[in-house]
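K.L.:
this is a predicted model, with the sequence first.
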Amino acid sequence: MSINIGIIDQQATKLATDLAAEYEARLNIKNDPIKQRSLSFVFLVVKWLLDLPDDDALDCLTEGGNDLGIDAVHVGDVEDNEFVVTLFQGKYTNNGDGSNAFQENAIVKTISAINCLFDPASVITVNEALKRRLEDIRSLIADGKIPRVRAVMCSNGCRWNQIAQQRIDREHFPADQVRWDYVNHDSLVGLMQATKTVNDTLRLKGKAIVEDFDYCRVLVGKIPVKEIESLFNRHGDLLLERNIRRFLGLQGNRVNQQIATTLNSTVERGNFYFFNNGITLLCKKFAYNALQGADYQVNAEGLQIINGGQTCKTIQATLSAMIGDVPDIEKSFVLVRLYELPEGSDDLVRSITYATNSQNPVDLRDLKSNDARQKSLETDIQGLGYTYLRNRSDAATTRTQIKSSRAAESVLAVWREKPHQARTQNRELFGNLYDTVFSDDLNGAQVILAVLLFRFAEKKRQRPPAGAPAFISYASHFVGMLMGRYLLADSNIGLDGLNHQKFQNAVTQWELKDDQYHQKALGDLQTALNSLYTNPDESLQQLAATFRRGDLLGRLPQ
């Protein structure tokens, strides 16, 4: 048994015990150590591959019979009228030596799932966890949104064989819409070790410019795409630890397809340098032979890519798929900017990363951490006995810890009364919606109460009480908003009156009536839905679409 197989098996075994209660409550899986360990392996892949908190990764799991071979599903936010759906199928072997190929019949199951899951007209029977996800996906498709599918096969063995690959090829899925990836124990451990320092040599081509800027150094030059491929073959995603768009490049979008098309074109590959914005790297120190006039070999310590991860991953995937000699590939270059920053430059690193990645604001929440409003909230919340986590953290939060991302989502839904935007525009919470969410009058008491209300609504969604209506799967943001209204009304204050002085009274009121408020919110939502539809529970697809829109707000009591 390899060391990486042992590492993952140890973690999966521990998680099988730690998460046993979650598996039983969410998926009705209990007293089955083998299945729980296998599911824990899938959980680890989902968590680390998609960079998700524990709760969100658990929410993706769909294992439990009648699942079409799909063990987990993640639905991304809509961007440019497209959204990414990541399907996971896991095969975990107890006491395996890592030599077993991913099973062909599992590939066949996933092919069948892709063929029917994304057709809103097809009728299929699946378990409740998968059905809720499926109807949400189908409602997006019915709204005209285009799915980009990423099928992730994962095991503690090795990749599928050629016969299985032929099965995939015969389906002729559009290359720009369906992508197949494989994750095993080795790649998973690589993701977990992403904080490892990368030291390597960048072999540039042609002339380069090197300048000093106030204790920093800058190098600008060009690097062959073959060097990018080699660099990523050696270090993989360790190079992307600081890259806040870390896994976007793996999921396949039109930009990536255009990069691949250019590299595959004998006519255009020589112009790649002019078509691409280049890559930006940080390092602790770089050195080169300044006596050379060109073609520098730059030794860099602590190398990290903060912008251009998509470009690099696509170059690696495209070149690795090429067979034999590729004419003129040596004429394909990428613009490279290398910044040497001194120790203690975290603020500058965040600013550079923000500036070079501003098209994806949701991933920049940690870069807003030094905003004056974030610091003020941290102090205010600490004074009320809670901890506000301004920077993104992989660790699970305790009851008294509040992540800035959860705070933003909760405040937008509960106090700003935009639950449909909080559900569908997560990418904008620290972008276009930042000033709406974190207005100057937002205080720590309001943040804490919003999070408490939304957490409660999410807990009820994940573990629905007996007799809960079907729409509870999609309604957490609306439920949180309504419970916030009830709380303010019973406390006889407006939102501006909810401050540190009224905080403890409001918390006490909430703890006395949380279940009552939740039941009332479900009742008010049911009444609103009845006014819109004759039989609202008839179609989960219809319900999923309804809670992404704002027209339901006008039907709710004030």
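P.N.:
Now that the structure is in, tell me what you want to look at.

K.L.:
what segments of the stretch 1-150 of the chain are strands?
P.N.:
Counting by DSSP state E, counting those that start in this stretch, the stretch 1-150 of the chain has strands at residues 72-75, 82-91, 146-155.

K.L.:
swap in the chain?
P.N.:
Under the criterion DSSP state E, strands of the chain are mapped to 72-75, 82-91, 146-155, 178-183, 200-203, 205-213, 216-224, 279-283, 285-287, 297-301, 304-307, 333-340, 387-389, 401-403.

K.L.:
and these, which one averages the lowest pLDDT?
P.N.:
With a mean of 85, strand 304-307 has the lowest mean pLDDT of those.

K.L.:
give me the residue ranges of the stretch 101-250 of the chain where confidence is low.
P.N.:
194-196, 241-250 (pLDDT under 70).

K.L.:
show me where it has helices.
P.N.:
Here the stretch 101-250 of the chain has its helices, by DSSP state H, counting those that start in this stretch, at 104-117, 128-142, 162-171, 185-192, 225-235.

K.L.:
measure how the fourth one sits relative to helix 225-235, angle-wise.
P.N.:
Angular relation of helix 185-192 and helix 225-235 on a 0 to 180 degree scale: 100 degrees, by axes from the mean of the first three to the mean of the last three CA atoms, to 10 degrees.

K.L.:
care to break the protein down by domain?
P.N.:
The chain breaks down by automatic domain parsing into domains covering 3-192, 200-359, 362-555.

K.L.:
for those domains, give me JSON lines that also has mean neighbour count.
P.N.:
For every residue, glycine as well, the C-beta is placed using N, CA and C. Below are the domains of the chain laid out as JSON lines (neighbours: other CB atoms under 10 Å):
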{"stretch": "domain 3-192", "mean neighbour count": "18"}
{"stretch": "domain 200-359", "mean neighbour count": "17"}
{"stretch": "domain 362-555", "mean neighbour count": "18"}
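
K.L.:
still on that earlier bit, need the strands of the stretch 1-150 of the chain in CSV (columns: distance to Met483).
P.N.:
Shown next, in CSV, are the strands of the stretch 1-150 of the chain (distance: least, CB to CB, whole Å):
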stretch, distance to Met483
strand 72-75, 25
strand 82-91, 29
strand 146-155, 33
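
K.L.:
can I get the helices of the stretch 101-250 of the chain in a markdown table with distance to Lys285?
P.N.:
Shown next, in a markdown table, are the helices of the stretch 101-250 of the chain (distance: least, CB to CB, whole Å):
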| stretch | distance to Lys285 |
| --- | --- |
| helix 104-117 | 46 |
| helix 128-142 | 47 |
| helix 162-171 | 43 |
| helix 185-192 | 24 |
| helix 225-235 | 17 |
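
K.L.:
nearest to Val149, out of these?
P.N.:
Ranking these by proximity to Val149 (CB to CB) places helix 104-117 first, at 6.0 Å.

K.L.:
angle of that closest one against strand 82-91?
P.N.:
Counting by the same axes, to 10 degrees, helix 104-117 lies at 150 degrees to strand 82-91.

K.L.:
tell me what angle helix 104-117 forms with helix 128-142.
P.N.:
Using the same axes, to 10 degrees: helix 104-117 against helix 128-142 is 50 degrees.

K.L.:
what lies in contact with helix 104-117?
P.N.:
Contact with helix 104-117 is made by 68-70, 87, 89, 91, 122, 124, 134, 137, 149, 151, 153, 160-161, 163-164, 167-168, 171, 173, 178, as judged by CB atoms under 8 Å, 6 or more residues apart in numbering.

K.L.:
between strand 178-183 and that helix, find me the angle.
P.N.:
Using the same axes, to 10 degrees: helix 104-117 against strand 178-183 is 140 degrees.

K.L.:
how about helix 104-117 as CSV, C-alpha atoms only?
P.N.:
The C-alpha trace of helix 104-117 is given here as CSV (Å, rounded to 0.1, in the frame of the first residue of the first chain):
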residue,chain,number,x,y,z
GLU,A,104,-16.0,0.4,-17.1
ASN,A,105,-19.6,-0.2,-15.9
ALA,A,106,-19.3,2.9,-13.7
ILE,A,107,-18.4,4.9,-16.7
VAL,A,108,-21.4,3.5,-18.6
LYS,A,109,-23.7,4.6,-15.7
THR,A,110,-22.4,8.1,-15.7
ILE,A,111,-22.8,8.3,-19.5
SER,A,112,-26.5,7.2,-19.1
ALA,A,113,-26.9,9.8,-16.3
ILE,A,114,-25.6,12.6,-18.4
ASN,A,115,-27.9,11.6,-21.3
CYS,A,116,-31.0,11.8,-19.1
LEU,A,117,-30.3,14.3,-16.3
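
K.L.:
tell me how far that helix lies from the chain's centre.
P.N.:
24 Å (CA atoms, centre = their mean, to the nearest Å).

K.L.:
so that helix versus helix 162-171, what angle?
P.N.:
Here helix 104-117 runs at an angle of 20 degrees relative to helix 162-171 (the same axes, to 10 degrees).

K.L.:
list the contacts of stretch 174-185.
P.N.:
2, 4-5, 7-8, 45, 49, 98, 102, 114, 146-160, 168, 250-252, 254, 257.

K.L.:
make that stretch 278-287, sorry
P.N.:
Counting by CB under 8 Å, 6+ apart, 202, 217, 219, 228, 242, 298-308, 311-312, 334-341, 343, 349, 352, 356 sit against stretch 278-287.

K.L.:
okay, how far is it across it, tip to tip?
P.N.:
21 Å (CA to CA, to the nearest Å).

K.L.:
before we move on, back to that, Arg455 is nearest to which of the helices of the stretch 101-250 of the chain?
P.N.:
helix 128-142 (19.4 Å).

K.L.:
OK, contacts around Thr13?
P.N.:
Applying CB under 8 Å, 6+ apart, the residues near Thr13 are 37, 40.

K.L.:
for Asn94, see how far away it is.
P.N.:
10 Å (CB to CB, to the nearest Å).

K.L.:
touching both of the two, which residues are there?
P.N.:
Arg37.

K.L.:
per-residue pLDDT, the closest residue to Gly90 other than its chain neighbours?
P.N.:
Leaving aside its sequence neighbours, Gly90 sits nearest to Val42 (CB to CB, 6 or more residues apart in numbering; 3.9 Å). pLDDT for Val42: 95.

K.L.:
now do the contacts for Val42.
P.N.:
Applying CB under 8 Å, 6+ apart to Val42 gives the contacts 61, 63, 71-72, 88, 90, 92, 154.

K.L.:
cool, Glu211 as well?
P.N.:
Residues counted as contacts of Glu211 (CB under 8 Å, 6+ apart) are 217-218.

K.L.:
that one bridge partners, please.
P.N.:
Val218 (DSSP bridges).

K.L.:
can you give me the distance of it to Val298?
P.N.:
Separation of Glu211 from Val298 (CB to CB): 14 Å.

K.L.:
and for Leu231?
P.N.:
In terms of CB to CB, Leu231 sits 12 Å off from Val298.

K.L.:
find residues that contact each of those two.
P.N.:
With CB under 8 Å, 6+ apart, Leu231 and Val298 have common neighbours Leu202.

K.L.:
Asp237 contacts Gly190, correct?
P.N.:
Yes - counting by CB atoms under 8 Å, Asp237 touches Gly190, with 6.5 Å between them.
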